[in-house]
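Show me how the following folds:
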Amino acid sequence: MLSEPSQRRLALEASYAPTLKSVYQDRDVLAKNPFFRNLGSVLQTALPRPTSPRYMDLSSAIQSRISSALTKQSSPAEALAALESDLQLIVNYKGSST
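Now for the predicted structure:
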C-alpha cells in the first residue's frame, strides 16, 4: 500500500490522496485528479488539530447547537451565541476530565 506503484494506483482508481510526494507530480495522476496539483503542497504545511481532554464535550455542544439552527429550533445567531457560552463553560471547567 505504501509503494509508489500502489499509491499511484490508489490515486488513479480511487482518488485517494497519496502519501508520497512523487505521486503528486505524476502526469497521469494529475490528468485524472487535477486538484492533486495543489493538494501536495497543502499537505506539506498541514498541521493536526489541537487536542483536548474535553473533545467529546466540545463536539457534543457543537453538534447540538448546529442541529438546533439547521432544524430552525433557534436562529443561527442564537445558536452561535449559545454555542459560544457552552464552549466557554467547557473550556473553563476545572473539574475532572472524565
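
Contacts made by the helix or strand of the chain with the lowest mean pLDDT with the rest, please.
One helix or strand of the chain scores below all others by mean pLDDT, DSSP states H and E: helix 36-45, with a mean of 88. For helix 36-45, the external contacting residues (C-beta atoms under 8 Å, 6 or more residues apart in numbering) are 11, 17-18, 21, 24-25, 29-30. Glycine gets a C-beta too; all of them are placed from N, C-alpha and C.

Put the alpha carbons of it into CSV.
Only the C-alpha atoms of helix 36-45 are listed here, as CSV (Å, rounded to 0.1, in the frame of the first residue of the first chain):
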residue,chain,number,x,y,z
PHE,A,36,-3.8,17.0,-6.5
ARG,A,37,-1.6,19.7,-8.1
ASN,A,38,-2.4,22.0,-5.1
LEU,A,39,-3.1,19.3,-2.5
GLY,A,40,0.5,18.1,-2.4
SER,A,41,1.8,21.5,-1.3
VAL,A,42,-1.1,21.9,1.1
LEU,A,43,-0.3,18.7,2.9
GLN,A,44,3.3,19.7,3.3
THR,A,45,2.3,22.5,5.6
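
for it, which positions count as buried?
Buried residues in helix 36-45, counting neighbours by 16 or more other C-beta atoms under 10 Å, are found at 36, 40.

Can you name the next helix or strand after it?
Next helix or strand after helix 36-45 toward the C-terminus (DSSP states H and E): helix 55-70.

Would you mind pulling up the elements that that next one packs against?
helix 76-92 (3 or more C-beta pairs under 8 Å, 6 or more residues apart in numbering; DSSP states H and E).

and the helix it packs on, what other elements does it pack with?
helix 55-70.

for the helix it packs on, what is the average pLDDT?
For helix 55-70, mean pLDDT rounds to 96.

go on, stretch 5-21?
Mean predicted confidence for stretch 5-21 is 95.

Okay, A81 and T51: tell me how far apart.
Going from A81 to T51 by C-beta to C-beta, to the nearest Å gives 26 Å.
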